[in-house]
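A.B. asks: 3D model of this:
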Amino acid sequence: MEAKYFKKVSLLYPSVFMVTVLVGLLATLPVSADISKEPQVQQFIDEMVKEHKYDRKTLNTLFAKVKKHSSIISAITRPAEKKPWYKYRPIFLGKKRITLGVQFWNENQALLQRAHEEFGVNPETIVAIIGVETRYGKHKGSYPVVDALSTLGFFYPPRSPFFKKELREFLLLAREEKIDPYELTGSYAGAMGLPQFMPSSFREYAIDYDHDGKRDIWTNNADTIGSVANYLKRHGWQKGQNITFPAKVSGKGYKSVIEQGLKPKLNISQLEKKGVKVDNHINKNTSAALIELENRFNNEYWVGLDNFYAITRYNHSALYGMAVFQLGQEIMKMRNN
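C.D. replies: Coordinates of the predicted model:
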């Protein structure tokens, strides 16, 4: 009798754990309130109507469907790039991703070679970027892009201007490509397709590499490969040049070089005077930046050349650039064995 009583009570009064899980699940669900009535949304609509000749009724209908996602706000406050290198590296350098990279390269060898000849970008770098971004299309994101950009543009003040700009670019993109804006999905930040282009990057750098009349970075490997190569070339990639080399440091002068950022500003001779030593035989006039990667015990140092800087225009992080470089090297090594 007593056992039955407690069983009934447990069903009527869930455990703290069950309540916590339920609350957590509810917190990740999108809020379905009509955001089109928000003053800032109406101001945005006014601008789109005035500056880009959009139909007001169409935009009001679109934003009435848009949902605010608390999970997007949560995700953007804890990006992977805030992790130390020793935790960041394993995310992207696992054997499965390397194996998938070899497979992608083999299946698209002719396209990658063509891109190398036309844009000068190494095949392993193109393959690695697609691998880091979406694991070769396996993790392209499932948020409606308009939801993601609206959530961050209207409800995330720290980066509201940037995401409002991307929302504008996205709506222009959808009109230009003749796509229903609510059909396109992407990451929590609004990045799209296999290469995870933001809308402004799509409009500026995406290309129709197979000449079928449309730029498709969601399902088309040719357009994806050509677009990544075009992006890197337009951001200063130099054919036949190296990307990065390991370095050693001594003294304290090297710290001021790290503070100068990822853009190469000093040549190797100047770096040596500040306590930076590069084992490889690099021309002393080569410009480079100094990169510090945090390990559990001893940090490691690399000099990043112009091509490393080009990679980090994709994602302004030394961790990202190094993950792309090392993944590319591992894919090439496995493929050649």
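
A.B. asks: how close does Gly261 get to Ala148?
C.D. replies: 28 Å (CB to CB, to the nearest Å). (Glycine included, C-beta is placed from N, CA and C.)

A.B. asks: could you do Trp105 as well?
C.D. replies: 30 Å.

A.B. asks: in terms of neighbours, single out the busier of the two.
C.D. replies: Legend: neighbour count by other CB atoms under 10 Å for Trp105 and Ala148, higher for Ala148 (28 against 22).

A.B. asks: so what's that one up against?
C.D. replies: Taking CB atoms under 8 Å, 6 or more residues apart in numbering, we find Ala148 in contact with His69, Ile72, Gly141, Gly186, Ser187, Tyr188, Ala189, Gly190.

A.B. asks: please parse the chain into its domains.
C.D. replies: Under the assignment automatic domain parsing, the domains of the chain span 35-67+142-187, 244-304.

A.B. asks: next, format the ones you listed as TSV and append mean pLDDT.
C.D. replies: Shown next, in TSV, are these (pLDDT from 0 to 100):
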stretch	mean pLDDT
domain 35-67+142-187	96
domain 244-304	95
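
A.B. asks: okay if I get these as a markdown table plus distance to Asp208?
C.D. replies: Output for the domains of the chain, formatted as a markdown table (distance: least, CB to CB, whole Å):
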| stretch | distance to Asp208 |
| --- | --- |
| domain 35-67+142-187 | 11 |
| domain 244-304 | 31 |
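
A.B. asks: could you measure from Asp46 over to Arg56?
C.D. replies: For Asp46, the distance to Arg56 - CB to CB - is 8 Å.

A.B. asks: what of Ala323?
C.D. replies: From Ala323 over to Arg56 (counting by CB to CB), the distance is 44 Å.

A.B. asks: who's more crowded, these two?
C.D. replies: More crowded of Ala323 and Arg56, by other CB under 10 Å: Ala323, with 26 against 13.

A.B. asks: wait, is the more buried one part of a helix?
C.D. replies: Yes - Ala323 forms part of a helix when assessed by DSSP: H, G, I helix; E, B strand; the rest coil.

A.B. asks: ok, for it, nearest residue in space, not its chain neighbours?
C.D. replies: Phe92 (4.3 Å; CB to CB, 6 or more residues apart in numbering).

A.B. asks: what sits against that neighbour?
C.D. replies: Counted by CB under 8 Å, 6+ apart, Phe92 has contacts Gly131, Val132, Ala323, Leu327.

A.B. asks: mind putting these in TSV, secondary structure, distance to Asn285 and pLDDT included?
C.D. replies: TSV is the format used below for these (DSSP: H, G, I helix; E, B strand; the rest coil; distance: CB to CB, whole Å; pLDDT from 0 to 100):
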residue	secondary structure	distance to Asn285	pLDDT
Gly131	helix	33	98
Val132	helix	31	98
Ala323	helix	29	98
Leu327	helix	30	98
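
A.B. asks: list just the nearest of the residues you listed to Lys273.
C.D. replies: Using CB to CB, Ala323 comes nearest to Lys273 of the contacts of Phe92, at 30.2 Å.

A.B. asks: any idea how far the closest one lies from Gln40?
C.D. replies: 36 Å.

A.B. asks: and Ile217, by the same measure?
C.D. replies: 30 Å.

A.B. asks: look at those two and report which has more neighbours.
C.D. replies: Legend: neighbour count by other CB under 10 Å for Ile217 and Gln40, higher for Ile217 (26 against 13).
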